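Visitor: kindly generate the corresponding structure for this input.
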Amino acid sequence: MSSDPNRPTASPARRRPVGASGAAALITGTAVLALLTSAGPVLAAPAAPPAPGAAIARALTKSPVYVDPSYAASAVPPARQKELVRQIEATGLPIKVVLVPLAKGDAYNGDADTLAGVVRDRLKDGADRAPSADGRPATDVDAPPHDDLILLTTDGEFPDSIRGHEWPGEAHQAEDAADAVGLMDELDDASLADLTAEAVTVIERGNGTAEYEKERKKLDESLAGDGDSDGRREDRGGPSWPLIAAVAIPALALALPAAFLVRSARRRHAGSAAAPFA
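Guide: Residues are numbered from 1 along each chain as shown. Now for the predicted structure:
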């Protein structure tokens, strides 16, 4: 160690400045964190699709008539829909109409009872969740009555016909009213709009069962008369029908009323089908 007083002393150690690469890493990390935070909603799982019948039920809270777009073009155009709405509102009854195409494999498996049950459940769900008049969450006491419902739908078995459904009982005879309309001669070529309008009229009168029995009797008498007429022609020596025609035509003539009887009996004894999507 030198004792020379004029020799400069050692300079203090210099602090090493932060390198450019360190600053860049810090900035990059901050940017990535901000990006992940802002991208959270974008990366969220997609919302579940609405339950079957939910869109129909929402529409029915605004109007008593729901018509699928495929029917709105011709079978039940907008003008007829408005007429049905006015007719239903004038009755004061809890009637709602759902006209949608039904086919095997669809959300309702082509079954009118399933469609009706699902729509009813969705309507019930909506009534239970609706807030009360003062904005409070609804309770069982606050919720409006939703069990009293008359529903007219398309028929999965007979696409050009309608079906009647009613809860909780059969006070308005909606099922028989719809079946009676399907048997009326004057409505053989009627549109779904005309069939629905007539069914609403019969339901309002409250005599659906009487109308159904009357139409069934007329049909039975018509078929019996056709059989007597064929027998008289053969007695007069007219040309006899081939054996195949003699068997096939009566069977065909009985097919329509038999189908209505089977359909009606199945609904009466089995009740409403359980809604698989409820």
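Visitor: is residue 96 in a helix, a strand, or coil?
Guide: Here residue 96 is recorded as strand under DSSP: H, G, I helix; E, B strand; the rest coil.
Visitor: how close does it get to residue 83?
Guide: Noted for residue 96: a distance of 16 Å to residue 83, by C-beta to C-beta, to the nearest Å. Heads up, the C-betas are built off the backbone N, CA and C, glycines and all.
Visitor: try residue 223
Guide: 35 Å.
Visitor: same deal with residue 210?
Guide: For residue 210, the distance to residue 83 (C-beta to C-beta) stands at 26 Å.
Visitor: quick check: residue 150 is in a strand.
Guide: Yes: using three-state DSSP, the assignment for residue 150 is a strand.
Visitor: surely it touches residue 96?
Guide: Yes: taking contacts as C-beta atoms under 8 Å, residue 150 lies within contact range of residue 96: 7.1 Å.
Visitor: rewinding a little: more neighbours: which of residue 96 and residue 83?
Guide: residue 96 (25 against 15; other C-beta atoms under 10 Å).
Visitor: chain neighbours aside, what residue packs nearest to the more buried one?
Guide: Closest residue in space to residue 96, ignoring its immediate chain neighbours: residue 64 at 4.9 Å, by C-beta to C-beta, 6 or more residues apart in numbering.
Visitor: and for the one you found, the neighbour number?
Guide: Residues lying near residue 64 (other C-beta under 10 Å) number 22.
Visitor: isn't it right up against residue 95?
Guide: Yes: with contact defined as C-beta under 8 Å, residue 64 counts as touching residue 95 (6.2 Å).
Visitor: what do the two both touch?
Guide: Shared contacts of residue 64 and residue 95, defined by C-beta atoms under 8 Å, 6 or more residues apart in numbering, comprise residue 88.
Visitor: distance check, the nearest residue to residue 172 once chain neighbours are set aside against residue 179.
Guide: In this structure, residue 172 finds its nearest non-sequential neighbour in residue 203, 5.2 Å apart by C-beta to C-beta, 6+ apart. Here residue 203 is placed at a distance of 12 Å from residue 179 (C-beta to C-beta).
Visitor: now swap in residue 218 and tell me
Guide: Distance of residue 218 to residue 179, computed by C-beta to C-beta: 14 Å.
Visitor: please identify which of those two sits among more neighbours.
Guide: residue 179 (28 against 13).
Visitor: could you report the pLDDT at the more buried one?
Guide: As predicted, residue 179 sits at a pLDDT of 97.
Visitor: please apply the same query to residue 159.
Guide: In this model, residue 159 carries a pLDDT of 86.
Visitor: make sure it is indeed in a helix.
Guide: No: checked against three-state DSSP, residue 159 lies outside a helix; its state is coil.
Visitor: show me what contacts it?
Guide: 101-102.
Visitor: now name the helix or strand holding the closest residue to residue 61 other than its chain neighbours.
Guide: Counting by C-beta to C-beta, 6+ apart, residue 126 is the residue found nearest to residue 61 once chain neighbours are left out, at 6.3 Å. For residue 126, the host element (DSSP states H and E) is helix 112-129.
Visitor: which of the three states applies to residue 88?
Guide: Secondary structure for residue 88, judged by three-state DSSP, is helix.
Visitor: please report the distance of it from residue 177.
Guide: 13 Å.
Visitor: confidence score at residue 81?
Guide: 98.
Visitor: correct me, but it touches residue 69?
Guide: No: Residue 81 sits out of contact with residue 69 when judged by C-beta under 8 Å, with a separation of 11.6 Å.
Visitor: so between the two, which is more surrounded?
Guide: residue 81 (20 against 7).
Visitor: can you pull the contacts of the more buried one?
Guide: Neighbours of residue 81 in contact, by C-beta under 8 Å, 6+ apart: 65, 67, 72, 193.
Visitor: what about 7 Å?
Guide: Residues near residue 81 by C-beta atoms under 7 Å, 6 or more residues apart in numbering: 65, 67.
Visitor: name the element it belongs to?
Guide: For residue 81, the host element (DSSP H and E) is helix 78-91.
Visitor: what do you get for residue 164?
Guide: Assigned by DSSP H and E, residue 164 falls in strand 162-167.
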